[in-house]
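[1] model the structure of this input:
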Amino acid sequence: MNTKGGSMQAVVQYALQPRAVELREVERPGTLEPDEVLLASRAVGVCGSDVHQYHNTQTWRVAVPVILGHEFCGTVVAAGQSVRGFREGDRVACETAARICGRCIYCRTGEYNLCPERRGFGYDVNGAMAEYVKVPARCLHHLPDAVSFEMAALTEPCCVAYNALCVKTNLRAGDSVLVLGPGPIGLLALALARLSGARWSAVAGLRQDATRLAIAKDLGADRAIVAEEENPEEVVRSVGDGLGVDVVVDATGSSAPLQTALACVRPGGQITKVGWGPQPLNISLDPLVRKAARLQGSFSHNFAVWEKVLALFASGRLDPTRVIGRVEPLAGWQNCFDDMASGKIVKGVIAVGGSS
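    Got it, this is the predicted structure:
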């Protein structure tokens with residue numbers, strides 16, 4: 001299906017060099033495949049991975065030049081001839097798996113987030129920090145009327161946290177939870193842990209995370225731990241029977257905190273690692289064996305998770321907007337990136353256009 005040509009503004013990473021990102025005039029997406037939809041971007045969350053790409057500190061392959069932005073929502077402008085269920089004007093949120101094979105066991109069983117051929121928006125496929133973006137219809141979810149575009153822009157990180165806490169973790173009402181790392185995913189994991197019935201929760205960070213730790217308290221954390229001032233292990237052993245917490249969520253961007261997680265988890269407990277950390281561990285995993293604890297990785301999300309999170313938004317039970325510290329138009333993208341990099345804000349959102 002042909003769509004109107006012309007140009008548009010977009011935030012583009014144009015080289016694999018530090019700060020090689022700028023607002024550019026680029027060609028608007030052209031012909032739609034039968035299963036594709038053209039969206040007018042409305043709001044895009046700035047992810048820590050976007051900030052890493054801005055500083056060229058990412059550990060994944062980036063196909064430059066590429067338009068950034070994988071946490072997004074918008075309005076349907078046009079749909080390919082085989083698309084059903086979506087029409088012009090529909091308000092939608094979009095998943096991140098821009099390309100999957102559709103043939104492997106993971107695709108065929110609904111776990112396409114684990115597809116070996118998965119490619120994502122914003123690093124391998126043009127993302128949504130632009131006026132328009134072309135997406136497969138399978139990625140789309142209708143937005144409930146009660147969900148604003150600003151809120152919908154945070155669906156993706158909420159889905160990351162939901163998959164980690166509510167799918168991959170055996171979290172039960174009455175459990176105690178320690179979150180390592182008060183970034184967006186860590187704070188949203190805290191919110192979901194409390195929503196799932198955690199009786200006690202804490203978030204640990206560094207002195208530089210003061211703003212984020214204050215938000216953790218606002219979200220209901222029983223303790224906000226500054227690691228340079230308090231030993232997280234001593235804190236968790238002062239709670240309950242002193243054997244440690246039932247669940248530790250590692251949402252840091254480093255490998256070293258896994259040692260803290262091993263020290264804080266109780267025998268028979270669980271550590272769920274959702275934060276990326278490419279550094280070598282250089283520690284013994286013997287405590288994992290001695291405690292018979294479970295170490296679980298969690299990556300991305302799938303269709304069912306998105307539907308659950310959007311339903312929580314619509315019900316008012318989960319409000320991710322509490323972590324938003326700045327909203328900017330496309331032209332102000334760098335303000336969001338810089339404020340997130342410095343720790344001044346937890347989350348930035350780029351409002352591309354239209355009302356919520």
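[2] the spatially most central residue of the chain: helix or strand, and which one exactly?
    For the chain, the residue nearest the mean C-alpha position is Pro157 (2.5 Å; C-alpha atoms, centre = their mean). Using DSSP states H and E, Pro157 sits in helix 155-162.
[3] now that helix: how far from the chain's centre is it?
    Taking the mean of its C-alpha atoms, helix 155-162 sits 5 Å from the chain's own mean (C-alpha atoms, centre = their mean, to the nearest Å).
[4] next secondary structure element downstream of that helix?
    Taking DSSP H and E, what comes next after helix 155-162 is strand 176-180.
[5] and that following strand, what does it pack onto?
    helix 184-195, strand 200-205, helix 232-237, strand 245-250, helix 257-264 (3 or more C-beta pairs under 8 Å, 6 or more residues apart in numbering; DSSP states H and E). Using the backbone N, CA and C atoms, a C-beta is placed for each residue, glycine as well.
[6] again, 7 Å this time
    helix 184-195, strand 200-205, strand 245-250, helix 257-264 (3 or more C-beta pairs under 7 Å, 6 or more residues apart in numbering; DSSP states H and E).
[7] where exactly do the helices run in the chain?
    48-55, 105-108, 149-152, 155-162, 184-195, 210-218, 232-237, 257-264, 286-290, 303-315, 333-342 (DSSP state H).
[8] wait, which of these is closest to Arg24?
    Arg24 lies closest, by C-beta to C-beta, to one member of those: helix 333-342, at 11.3 Å.
[9] what does the closest one rub up against?
    11, 23, 46, 50-51, 54, 129, 325-326, 328, 345, 348, 350 (C-beta atoms under 7 Å, 6 or more residues apart in numbering).
[10] and it, what's buried?
    333, 335-337, 339-340 (16 or more other C-beta atoms under 10 Å).
[11] which of those lies closest to Val235?
    Nearest member of the buried residues of helix 333-342 to Val235, counting by C-beta to C-beta, is Met340, at 27.2 Å.
[12] of the helices and strands packed on strand 176-180, which is nearest Pro65?
    Going by C-beta to C-beta, the one of the helices and strands packed on strand 176-180 nearest Pro65 is helix 184-195, 26.1 Å.
[13] tally of neighbours for the nearest residue to Arg172 once chain neighbours are set aside?
    Counting by C-beta to C-beta, 6 or more residues apart in numbering, the nearest residue to Arg172 once its immediate chain neighbours are dropped is Gly197, at 7.1 Å. Here the number of neighbours of Gly197 (other C-beta atoms under 10 Å) works out to 11.
[14] coming back round to it: what pLDDT does the residue nearest to the centre of the chain get?
    pLDDT for Pro157: 97.
[15] correct me, but it touches Glu71?
    Yes - contact status for Pro157 versus Glu71: in contact at 6.3 Å, counting by C-beta atoms under 7 Å.
[16] now for these two: what residues contact both?
    With C-beta under 7 Å, 6+ apart, Pro157 and Glu71 have common neighbours Gly45.
[17] show me what the closest residue in space to Ala130 that isn't next to it in sequence is bridged to.
    Nearest non-adjacent residue to Ala130, counting by C-beta to C-beta, 6+ apart: Ala10, 3.5 Å away. Ala10 has the following beta-bridge partners by DSSP bridges: Arg24, Ala130.
[18] contacts only, for Ala10.
    24, 26, 67, 129-130.
[19] drop anything exposed from the residues you listed.
    26, 67, 129-130.
[20] ok, the residue lying closest to Thr59 once chain neighbours are set aside to Phe337 distance?
    Leaving aside its sequence neighbours, Thr59 sits nearest to Pro278 (C-beta to C-beta, 6+ apart; 4.6 Å). Counting by C-beta to C-beta, to the nearest Å, the gap from Pro278 to Phe337 is 21 Å.
[21] could you do Val37 as well?
    Val37 is 28 Å from Phe337, where distance means C-beta to C-beta.
[22] what is the nearest of the buried residues of helix 333-342 to Ala202?
    Within the buried residues of helix 333-342, proximity to Ala202 (C-beta to C-beta) peaks at Met340, which comes in at 23.3 Å.
[23] in stretch 34-43, what counts as buried?
    36-43.
[24] pull out the buried residues from stretch 138-154.
    Under the neighbour-count criterion of 16+ other C-beta under 10 Å, stretch 138-154 has 139-141, 143, 147-154 buried.
[25] can you put those residues in TSV and add pLDDT?
    Shown next, in TSV, are the buried residues of stretch 138-154 (pLDDT from 0 to 100):
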residue	pLDDT
Cys139	98
Leu140	98
His141	98
Leu143	98
Val147	98
Ser148	97
Phe149	98
Glu150	97
Met151	97
Ala152	98
Ala153	98
Leu154	98
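[26] could you dump the buried residues of stretch 34-43 to JSON lines with pLDDT?
    Below are the buried residues of stretch 34-43 laid out as JSON lines (pLDDT from 0 to 100):
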{"residue": "Glu36", "pLDDT": "98"}
{"residue": "Val37", "pLDDT": "98"}
{"residue": "Leu38", "pLDDT": "98"}
{"residue": "Leu39", "pLDDT": "98"}
{"residue": "Ala40", "pLDDT": "98"}
{"residue": "Ser41", "pLDDT": "98"}
{"residue": "Arg42", "pLDDT": "98"}
{"residue": "Ala43", "pLDDT": "98"}
